[in-house]
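Novice: Test case, fold it:
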Amino acid sequence: MDFQLSDEQKDVQRAAREFAQGEFDPDLALELDQSGKPPESLWKKAAQLGFIGIHYPEEFGGQGMGLFESVLTIEAFCSADSGIGSALSMVDIGAEVILKFGSKDQKERFVIPLAKGAKRMSIAFAESEDGQDLSSLSTVSERRGNEYFLCGEKRFVLNATLADWFVTLCKEPKEGWITLIVERDREGINIHPIEKMGLRMIPFGDLDFREVRVDIENRIGNGGEGMAHVHHCHQVMGLRSAAQALGTAQGAFDRAMGHAKQRIQFGKKLSQFQAIRHKLADMAVDIEVARWLTYKSATEYDQGKMDSKFLSITQLEAGRTLVRVVDEALQIFGGYGYIAEQAIEHYFRDAWAIRVELGTEEEEKDAIAKIMFGPDSIKK
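Specialist: Residues are numbered from 1 along each chain as shown. Below you'll find the model as predicted:
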C-alpha cells in the first residue's frame, strides 16, 4: 500500500504543525495541565482555521477531507503537546454517529456548531467499572408521545463538565437499543467530576440521569440501531486515539533526542553514549511501525473497508509503543524528567491516560483472538 502523502495532505500536515508549534506555548501548557483547565482560546483558533471537523462534509461545516487528514492533524497537535493536542482532538466525540446515522436536520443542528468551535460534544455509553462492558447496561428511556424520559447512570464520560451534548446509549422497552442526543442543560442531569492522573485538560466524570426529557427529534437513526452506533463510534475513536498515541510518542522522542544532544555527562554528550543511542534507535523503530499501522487503518477507513482485527492490532501496537517510548524518554531525562517544568513529566502521565482510551493489552488481544478463532471458540 502506498503511503505517500498527496500535496493536499502534506499541506494539512504542514499547517497543523505550524499552528501547534506557533500557538502551543510551553508555559501555557504547564499552566493548563496544573490547573486542569481546557485550552479555550486554542480550541476557538483551531476551529476558525478548519482543524476541528476537518473530515466533515463541507455542507456541515467541515473541509470535506478524510479521516486520514484528521489523523495527521491529531498527530501533529499531540506531538507539539500531548495535553493540548488531546484536548483539541476530543471536543467533538460522538459527531461520527450523527454524520453516519443522523438526519440532515441533526447534522445541521449539532455538527455545524462543532466545526465552528461554538459547541462541544461527548458520548455517554459505559456504565460498568471497566468502562468497556456494554452487555449489562441499565440506562433506560421511556417514550411518551414525542418525548423520551431518560433514567440511569453513565460512567467515565470525557468532557463531562464541558460538553454541550451527549450522544447517549439507552434502551427503550419497545424500540430496543437507541442513541439520543441529550443537551447538558436539561433538567434532571447531575454531573459528578472525577480526578485523574493524566490528560488534565479534559474533564472526566459520571452522569446521573433522572427523568431527563429528550425530544424525539434527538433520536439518532431508528430503534434497535444503538449498538451499531456504538460500534461505529468506537472504530473512529480507536483510530483517533491511535493518532494521539502516535503524536505523543513522537513528541516524547523529539524531546528526548533534544535533551540527549545537549546534556553533558562525564564530559560527553548523552548522544555519544551507545546505550542512549540504542534507546533512541529502538524508539524511532517503534514509532515508525505504529505510524505505518495507524496510517494504513485510516486509509482503509476512508476507503470504506475497515478491518476490525487490523484496527485492534493498530490500537494494541500504538498503545505499546506509546508507553515504551515515553518511559524510555523519561529515563533519558533522568531526574530532570520528574520536574513539572519539563514537558516529559506530563507526557508520561498523559501516555497512560491515552493507553486506557485505546484499551488494555488484554482487551485488544481478546478482540483480535475473537476474530481469529470465532466468537464462540472459548465455549466449545
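
Novice: Can you tell me the closest non-neighbouring residue to residue 94?
Specialist: residue 167 (3.6 Å; Cβ to Cβ, 6 or more residues apart in numbering). In short, each C-beta sits where N, CA and C put it, glycine included.

Novice: where does the protein dip in pLDDT?
Specialist: Residue ranges of the chain with pLDDT under 70: 1-3, 129-136, 340-341, 377-380.

Novice: now for the helix or strand containing the residue nearest to residue 94, which elements pack on it?
Specialist: Following DSSP states H and E, one finds residue 167 within strand 165-172. With contacts taken as 3 or more Cβ pairs under 8 Å, 6 or more residues apart in numbering; DSSP states H and E, strand 165-172 sits against strand 121-124, strand 140-144, strand 147-158, strand 176-183, helix 226-262.

Novice: Quick check: residue 163 is in a strand.
Specialist: No - going by DSSP: H, G, I helix; E, B strand; the rest coil, the assignment for residue 163 is coil, not a strand.

Novice: Confirm for me that it is in contact with residue 120.
Specialist: Yes - in this structure residue 163 lies within contact range of residue 120 using Cβ atoms under 8 Å: 4.9 Å.

Novice: Between these two, point out the one with more neighbours.
Specialist: residue 163 (28 against 21; other Cβ atoms under 10 Å).

Novice: Tally up the residues packed near the closest residue to the more buried one other than its chain neighbours, please.
Specialist: Sequence neighbours aside, residue 122 is the residue nearest to residue 163 in space, at 3.8 Å (criterion: Cβ to Cβ, 6+ apart). Using other Cβ under 10 Å, residue 122 has 26 neighbouring residues.

Novice: Likewise for residue 26?
Specialist: 12.

Novice: same deal with residue 170?
Specialist: 26.

Novice: swap in residue 52?
Specialist: 27.

Novice: pretty sure it is in a helix, no?
Specialist: No - Residue 52 is assigned coil when assessed by three-state DSSP, not a helix.

Novice: Now do the phi/psi pair for it.
Specialist: phi -80, psi 120 (degrees, to the nearest 10).

Novice: Give the buried residues for the strand or helix carrying residue 298.
Specialist: Assigned by DSSP H and E, residue 298 falls within helix 274-302. Of the residues in helix 274-302, 276, 279-280, 283, 286-287, 290-291, 293-302 count as buried by neighbour count, 16 or more other Cβ atoms under 10 Å.

Novice: what do you get for stretch 205-222?
Specialist: 205, 206, 207, 209, 212, 214, 218, 219, 220, 221.
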